[in-house]
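Engineer: no sequence for this one, just the structure:
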């Protein structure tokens, strides 16, 4: 009875939702956002559907396609306009159905393993000896000629484990937040003027990697083992190249530190371990296009405010904090705004990106299509490299008409921790607006505004072409101690209260950004460094390389 | 060249080791112990052999037998006397060679699993639906009649995960150590006067467990899934009953929280998951006797000082901190004492126990054989229960002649953390000796002496019959956050510097205990509580039960 009356009341309330035509932020809308976000939240339902019902969402896998369609369906059900996908060329999809590995000599036990994405499966169960391939140069590779046929090679060093760091979960202290507030030097630029030694180091690694892959193929290795970068049983697993025509030559398998180290110590003790393993994996070549998903609340004017998060994940778990959390928070923020009936001056547009884990590929494609493009490398060899290895993203930046109309882009991709503030990426003039907006949620968030920059996720695609792209300061929790890219990044570790806070704070900020009089102030457009600046960078880079050489020499002479 | 000279020098030094006839502790021996323990340590070699070369050491498994023989061989090679095994009846051994589990519906992926010890394997690969068996009473079990045939049942609740505790590794602070020092009330007794409600609760659990096992058998379940008690991917796995004639009816498999919870949520969402799994496991019935290993440095007098650790481990990893660490520390301590040539007044005896993980079975058998026995329950039903479920260990205690001759027993079984002090188990009169001995290593250890008790390992077998059995205060490190009984309890997480400290401190204490004039003072012999005391306990116990009932009622009414 009680319940039925409640249901009736809710149905009546739904009919009464006012259409708010906003010229400037309305304080009652701020209250309505909180009510919707805290008392009628759907953020965890979204999260659970993406993680538990759909599962891992590797770019261009069938599950990622399913997730993309589902988010569109949800956006439509909430009444968003212009819900659609935008395609971009990506490469192949890949799925693994199962994988197992067993030690058979010198003793028998099962090992925990997950294959690296875009590595081939086995044809049934393979039995092989395990050897260490301890090579960091092509000359060192050559020493293994004729020695790895039919064998599984270990490609990483064992980890020298030590006393674990104390803090597995972290919330920022007042002192740490104050340090961020006090950041008062030029923020590191995100503009594509990459230091030459960094470019060279990446290429060197890439060249060796190619040589090693070729070596594994010609020498007929049976498989390759990789060591997880975190210990404690965490299998932290990513992938190899996803481009058509470039396939890792053998099954590649990630092991937890404890199992990898045990194999390495066995070899060091002069015993050659034997394993059996099998991987059931498939490539999806039928469509090399991946898709971003877009949806919006149309504004009364020509300008746009964007918010977004990457929908793709790695395959070792269900991508809970990386990044179903960000997707659920941004979807919830726009759902809240629609539910409270905002009718903003600027269009509020949600972008759910694909291909983030392979180098911000989806958001970069969207930015290039809509806002600004930079020339690709003219050297075909360089162009064949993954985008993140290009010496720079090319000059000049060619802007399109939409570039002028984007007020800002808010990105969420650092787990389920509360929004404690925002990085301005050096856009000091944006501070006044952020201070005003965060002031409306000062009971929920410290609202720390740091002039520092953060990178490694999709706001960088915007920042790089002179658009105001931002990422929040979030409580790290256990994101970087046990969840990021590991096999336990499941919905279990997403904190509901933090998620609701994030959705409400984000919705409030987006509402403000969409209704305030003036567009957010911008930084100057990125420019290519001058010949003099480049020369100075080159000298600095040479010094860094030289210093590394000296250090290596010192290590040698002190033996 | 250099190396050869060093080798020669060492060989000469070995010939010159003096035979020290000690009437009282010699300060130069203390120096020699440190030199041997820090500059010629073998503690990590011992540790690595037990973990990496031998592997898991489940009681009565072939690997445990191998470990026992190897420790004897090492003791002999160091020149220890009277190296031998002592058998006791235990039950069956068990080994698992491999296990795998794959989710096949509603999506495909591999799950991480380790079988529970002493559960049967499968005959090849089994495919089955997964259902939740949500029952805590026999009446609730009955509801599942006819519903679990051929299915895999989930027996535990999913875990309600939350923000993880911050500290993964811990060292005691000065403040915490001071609190331990200040413990000044009667230490909880370890004498077998178990509170009646605790006995009843255990029996209730045991009765339900038996009923559930019978139900799984008669109903024809295909397997049982258990949830790890820690999250973050840690598979914390122990076993079922090891006694001949009592076999868990179906394969039992432990899953990490994240995989178990995912299956549970899928079921809650109305979808029945399907899995395939296989377990290759065997029982070893050929010899139901397990063995403790003993070795000693004979003393000039009739008295004995013992040190020891349990050699057995669980099967999910290689038992690094639980308890190859304790074995390596105690073996190293007696090796050091032999190497420095002590010739003690009291015999120094090392005991490496089997069956600790199944209820201190090995040390209890040794104590019963040598020092004191207590009558077993007369009720055959009670006697059929595992020892830890007996209402008490029986009165009176019958002492044997050796009881009088044991000065003390030092146990090591809390990981690889430094020895920061010792628990007297309420033996306040022992404090003066401990203070004196720890004073000789005050630069290495805080030497905290707490009058409090600790339990759950083999010193309790001694304490229970009035013998001075002690366990140390050790830095917990990550023992109780990620290693204890988990699949990552490997040699990787054993800290070499801490191990050396522990061996040197222990050797120093044992040396003192073996050479000081007087035997360590004892506590009064344990006595059975009087009828009046028992009545008071019964009233207290009834109150506790009643309070739980009230709490449950309160929870209900506040819904």
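Structural biologist: Thanks, I have it. Treat the numbers as computed from the prediction; the structure is a model and nothing was measured.
Engineer: List phi and psi for residue A:47.
Structural biologist: Backbone torsions of residue A:47, given as degrees, to the nearest 10, read phi -60, psi -50.
Engineer: Give me the distance between it and residue A:334.
Structural biologist: Going from residue A:47 to residue A:334 by C-beta to C-beta, to the nearest Å gives 15 Å. Bear in mind the C-beta positions are built from the backbone N, C-alpha and C, glycine included.
Engineer: what element comes up after the longest strand along chain A heading to the C-terminus?
Structural biologist: Looking across chain A with DSSP state E, the single longest strand is strand A:93-105. Proceeding N to C from strand A:93-105, the next assigned helix or strand is strand A:109-111, under DSSP states H and E.
Engineer: what's the spacing between that following strand and its chain's center?
Structural biologist: The chain centre lies 32 Å from the centre of strand A:109-111; the measure is C-alpha atoms, centre = their mean, to the nearest Å.
Engineer: does any part of that strand sit near chain B?
Structural biologist: Yes: for strand A:109-111, a contact with chain B is found by C-beta under 8 Å from any C-beta of the partner chain, at A:109-110.
Engineer: What lies in contact with that strand?
Structural biologist: Identification of contacts with strand A:109-111 by C-beta atoms under 8 Å, 6 or more residues apart in numbering or on different chains yields A:100-103, A:255, A:259, A:275, B:55-56, B:96-100, B:114.
Engineer: partners of it in the sheet?
Structural biologist: As defined by DSSP bridges, the strand partners of strand A:109-111 come to strand A:93-105 (antiparallel).
Engineer: Next, the buried residues of the partner strand.
Structural biologist: Neighbour counts over strand A:93-105 (16 or more other C-beta atoms under 10 Å in any protein chain shown) mark A:93-103 as buried.
Engineer: Need the pLDDT of residue A:59.
Structural biologist: Note on residue A:59: pLDDT of 98.
Engineer: ok, how many other residues are close to it?
Structural biologist: When neighbours are defined as other C-beta atoms under 10 Å in any protein chain shown, residue A:59 has 31 of them.
Engineer: Also residue A:472?
Structural biologist: For residue A:472, the neighbour count with other C-beta under 10 Å is 26.
Engineer: What of residue A:488?
Structural biologist: Residue A:488: 26 neighbours (other C-beta under 10 Å).
Engineer: surely it meets residue B:231?
Structural biologist: Yes: between residue A:488 and residue B:231 there is a contact at 7.5 Å, judged by C-beta atoms under 8 Å.
Engineer: Mutual contacts of these two, please.
Structural biologist: With C-beta under 8 Å, 6+ apart as the test, residue A:488 and residue B:231 both reach B:256, B:258.
Engineer: which residues touch residue A:353?
Structural biologist: Residues near residue A:353 by C-beta under 8 Å, 6+ apart: A:292, A:308-312, A:360, A:362-363, A:366, A:458.
Engineer: quick revisit: residue A:496: which of the contacts of strand A:109-111 is nearest?
Structural biologist: residue B:114 (30.6 Å; C-beta to C-beta).
Engineer: For that closest one, which residues are in contact?
Structural biologist: A:110, B:96, B:99, B:235, B:237, B:253-254, B:315-316, B:487 are the contacts of residue B:114 under C-beta under 8 Å, 6+ apart.
Engineer: Dump the residues you listed to JSON lines, plus pLDDT and distance to residue A:202.
Structural biologist: Below are the contacts of residue B:114 laid out as JSON lines (pLDDT from 0 to 100; distance: C-beta to C-beta, whole Å):
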{"residue": "A:110", "pLDDT": "98", "distance to residue A:202": "37"}
{"residue": "B:96", "pLDDT": "96", "distance to residue A:202": "44"}
{"residue": "B:99", "pLDDT": "98", "distance to residue A:202": "41"}
{"residue": "B:235", "pLDDT": "98", "distance to residue A:202": "37"}
{"residue": "B:237", "pLDDT": "98", "distance to residue A:202": "42"}
{"residue": "B:253", "pLDDT": "98", "distance to residue A:202": "44"}
{"residue": "B:254", "pLDDT": "98", "distance to residue A:202": "42"}
{"residue": "B:315", "pLDDT": "98", "distance to residue A:202": "44"}
{"residue": "B:316", "pLDDT": "97", "distance to residue A:202": "40"}
{"residue": "B:487", "pLDDT": "98", "distance to residue A:202": "36"}
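Engineer: would you turn the residues you listed into TSV with distance to residue A:136?
Structural biologist: Below are the contacts of residue B:114 laid out as TSV (distance: C-beta to C-beta, whole Å):
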residue	distance to residue A:136
A:110	31
B:96	38
B:99	36
B:235	34
B:237	38
B:253	41
B:254	39
B:315	37
B:316	35
B:487	31
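Engineer: No further questions, thank you.
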